[in-house]
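A.B. asks: Return atomic coordinates for the entry below.
(2 chains)
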Amino acid sequence: MTDQPIPAGGATPAGGPALVAAPAMPKHRSQWSDVWRQFASHRGALAGMAVFLFIILLCTLGAFIHDVDPQKLDIRAKNQLMSWEHPLGTDNLGRDMLAQIIAGGQVSLAVGVTAMLLSLLVGTLIGVLSGYFRRLDGPLMRFTDLFLALPLLPLLLVIIMLFRDMLRTAFGPESGIFILIVFVIGITSWMQTARIVRGDVLALKEREFVLAAKSIGTPSRRIILRHILPNVLSPIMVSATLGVANAIITESALSFLGLGFPSDFPTWGRLLYDGANFMTLTPDRVIWPGLAISLTVLSVNYIGDGLRDALDPRIRGR
Amino acid sequence: MLTYTLRRLAFAVPALLAISFIIFAILDLAPSDPTAQLPLTIPPEVREKIRLSLGLGEPFAVRYWKWLIQFFVNEPLNLIEQWTGWSFGDGDRLRVLSWQTRSPVVDLIAQRMPQTLWVVGMSYVLGALIAIPIGVISAYRQYSWFDQFGTLFSMVGFSIPTFFTGLLFIVIFSVNLEWFPSIYDTTHEVTDWESFVFQIKQMIMPTMVLGLYNASQISRFMRASMLDNLGQDYVRTARAKGMTEKVVVLVHVMRNSLIPVVTVLALNLPQVFGGAIITEQIFKVNGLGQLLIGAIEGGDIPTVQTLTFIFAVLIVLFNLIADLLYGILDPRIRYD
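C.D. replies: Numbering: from 1, shown residues only, chains lettered A, B, ... in the order given. You can find the predicted model right below:
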């Protein structure tokens, strides 16, 4: 979608033209400062960024401030509502909910980011290959269509049910399920990225700078890495944000159906699932994890919205 | 158009075969034993017989071939027999049997289908009914407070997962206010006014949860499509001709804007079935989603295979329908 040529290498080179032009222009403007200015003018995106940073800080540093063991049982203090000792109450086994939400958030965010990275890697690879090499285009796009036609949620559930025990014995109960979930989410969510990247690569391939690079005998690998990839960076970044949101929702949905993470290694989705049975007694147990998921996804979606505007040169110029 | 349809249908066959192979292979190559749940007191030779009776003795290719025959030949023939009363051959065909109930999977699906169709169908209609006015007004009054609010609504509705809204609805409307039942009673029959009111009451929450989620997606499409069309030349022409604003917006622009939205509606319908899996689980609707979850938890592989494949068929089918709808609705698009 970025039709305008962006200088290869992403950011404007520090030396050269910028320095020469410096006396004429009152203030140096690099491409990324323009992007940031456009991003900052999107109020929703800024708010989303603030909320998302807050959630990340809460999940990383929160464990040091509220240093209660999330798995510590205190059966005499079970099913409590909010109090100073337990800011978000306790569950039916007397475990502190805030500590559990912090611990669950670490896992949820880690799943979201790793699954997104995996799906970006696969999507970009397939998109670039099928856009750049004409011979690979047909088969790879049919392969993508095939994946798009798979019923993903049922298939994810089935794969997890079938391979859960094997991976748990192979990698241990916690990392086994983590690897499995990240892997299945990653390999079932790359299709949109691949299609977008392919479309952009197809358009870029015909441009003069690629032709120039080709005519001086640059090998394909270097053309892709130096000239094509930096130019498809913006759609990739936008799909990265959407990918995080999508992965977090999918993981929570799987955990919510009881086929994700186990109770002793909870994520937000699992906390919600466990809390659902105690809804009438302690509705807090449903509200806090659900709010955490929703806020994270909402903020990430807003960041994606802002990024899309900021990285599109046609909008940014105005 | 007809040749295009036929070509697409012909192309769908290898795609569906590939998908069915993937689904079958994933389920079959997985390291799980259907007899693992049985008591340990069963001697090994009996266990082996149980495995044989489940059809696990044959090699992979034979089982795949038999499943294909069962699914693509036997079950359709059975359905035709049931609907028309004709009979083909002796009627004694191998059917896909569920391991849990030992009854044909297709019969189970036929039992569960109406509940899912009601909830999914109503929620989709509701979603479209909410979304289209929002999209139209948002686009017509772009950047007004209504538009800001509508955009926020769609962003929030899009981001909050249905399993959270569902639980939130239950906490608010069932637990605190006690307006609606939290469990969907599928044995309930509508006989008089009161039972009809009860049916409406128990349907409100599941359909609203899915409907709001759908509405948030559809309203985004509707707004974008309206904005595209409002700037077109024909709108200016219509205004110049002296058409009232109502006619311009509601007849000229809206009809044209609905074209991409209708195709998106068709494209997204299979995903809604997937989303219904979660909603059915929350409100305990015993539809297809719950059948699938139950089958997965019980290790009932034939049911899971058949259901997953039916979902895949829906996706391929609605992709085709969306493309054809485009050709029918938009005279600028010609496939031949």
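
A.B. asks: which SS class is A:Leu150?
C.D. replies: Of the three states, A:Leu150 takes coil according to DSSP: H, G, I helix; E, B strand; the rest coil.

A.B. asks: Next, the contact list for B:Leu38, please.
C.D. replies: Residues in contact with B:Leu38 (C-beta atoms under 8 Å, 6 or more residues apart in numbering or on different chains) are B:47, B:50. Quick note: C-beta positions are derived from backbone N, CA and C, even for glycine.

A.B. asks: Could you say which helix or strand holds it?
C.D. replies: Assigned by DSSP states H and E, B:Leu38 belongs to no helix or strand.

A.B. asks: again, but for B:Pro270
C.D. replies: helix B:254-283.

A.B. asks: Next, see if that helix gets close to chain A.
C.D. replies: Yes: applying C-beta under 8 Å from any C-beta of the partner chain, one finds helix B:254-283 in contact with chain A at B:270, B:274-275, B:277-278, B:281-282.

A.B. asks: Just put the residues you listed in TSV and tack on neighbour count, distance to B:Ala25 and pLDDT.
C.D. replies: Converted to TSV, these look like this (neighbours: other C-beta atoms under 10 Å in any protein chain shown; distance: C-beta to C-beta, whole Å; pLDDT from 0 to 100):
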residue	neighbour count	distance to B:Ala25	pLDDT
B:Pro270	20	22	83
B:Gly274	20	21	76
B:Gly275	23	26	76
B:Ile277	25	22	85
B:Ile278	22	26	86
B:Gln281	22	27	85
B:Ile282	23	32	86
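
A.B. asks: between these, which is closest to chain A?
C.D. replies: B:Gly274 (4.3 Å; C-beta to the nearest C-beta).

A.B. asks: so that closest one sits right up against A:Pro151, yeah?
C.D. replies: Yes: contact criterion C-beta atoms under 8 Å: B:Gly274 and A:Pro151 qualify, at 6.5 Å.

A.B. asks: who touches both of those two?
C.D. replies: B:Phe311.

A.B. asks: ok, back up a step: so what does the helix holding B:Pro270 touch, helix or strand wise?
C.D. replies: helix A:152-171, helix A:233-256, helix B:105-140, helix B:162-169, helix B:193-230, helix B:288-297, helix B:301-329 (3 or more C-beta pairs under 8 Å, 6 or more residues apart in numbering or on different chains; DSSP states H and E).

A.B. asks: isn't there a strand covering B:Tyr143?
C.D. replies: No: membership of B:Tyr143 in a strand is not supported by three-state DSSP, which gives coil.

A.B. asks: Neighbours of it, how many?
C.D. replies: 9 (other C-beta atoms under 10 Å in any protein chain shown).

A.B. asks: Look up the pLDDT of A:Asn301 for me, please.
C.D. replies: At A:Asn301, the pLDDT value in this model is 89.

A.B. asks: Also the one 10 residues further on?
C.D. replies: A:Leu311 is assigned a pLDDT of 81 by the prediction.

A.B. asks: thinking it is in contact with A:Trp36, fair?
C.D. replies: No: counting by C-beta under 8 Å, A:Leu311 sits too far from A:Trp36 to count as a contact (10.9 Å).

A.B. asks: Comparing these two, which residue is more hemmed in?
C.D. replies: More crowded of A:Leu311 and A:Trp36, by other C-beta under 10 Å: A:Leu311, with 22 against 12.

A.B. asks: pLDDT score for the closest residue to chain B within the stretch 1-150 of chain A?
C.D. replies: As assessed by C-beta to the nearest C-beta, chain B sits closest to A:Ala149 within the stretch 1-150 of chain A, at 4.9 Å. On the pLDDT scale, A:Ala149 is placed at 82.

A.B. asks: Could I get the contacting residues of it?
C.D. replies: B:15, B:19, B:312, B:315-316, B:319.

A.B. asks: repeat that for 7 Å
C.D. replies: By C-beta atoms under 7 Å, 6 or more residues apart in numbering or on different chains, the contact list for A:Ala149 reads B:15, B:19, B:312, B:315-316.

A.B. asks: now swap in B:Lys66 and tell me
C.D. replies: So B:Lys66 contacts nothing (C-beta under 7 Å, 6+ apart).

A.B. asks: and it, what element?
C.D. replies: In the assignment (DSSP H and E), B:Lys66 maps to helix B:60-69.

A.B. asks: Compute the inter-axis angle for that helix and helix B:301-329.
C.D. replies: 50 degrees (axes from the mean of the first three to the mean of the last three C-alpha atoms, to 10 degrees).

A.B. asks: mean pLDDT lowest for which of the helices and strands packed on helix B:254-283?
C.D. replies: Mean pLDDT values for the helices and strands packed on helix B:254-283 show the minimum at helix A:152-171, a mean of 82.

A.B. asks: Next, find the distance separating the most centrally placed residue in chain A from A:Leu81.
C.D. replies: Centroid-nearest residue in chain A: A:Val244, 1.9 Å away (criterion: C-alpha atoms, centre = their mean). Computed as C-beta to C-beta, to the nearest Å, the A:Val244 to A:Leu81 distance reads 32 Å.

A.B. asks: could I get the helices and strands packed on helix B:254-283 as TSV with distance to A:Thr193?
C.D. replies: Listed next are these as TSV, based on distance: least, C-beta to C-beta, whole Å:
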stretch	distance to A:Thr193
helix A:152-171	15
helix A:233-256	4
helix B:105-140	27
helix B:162-169	24
helix B:193-230	20
helix B:288-297	28
helix B:301-329	19
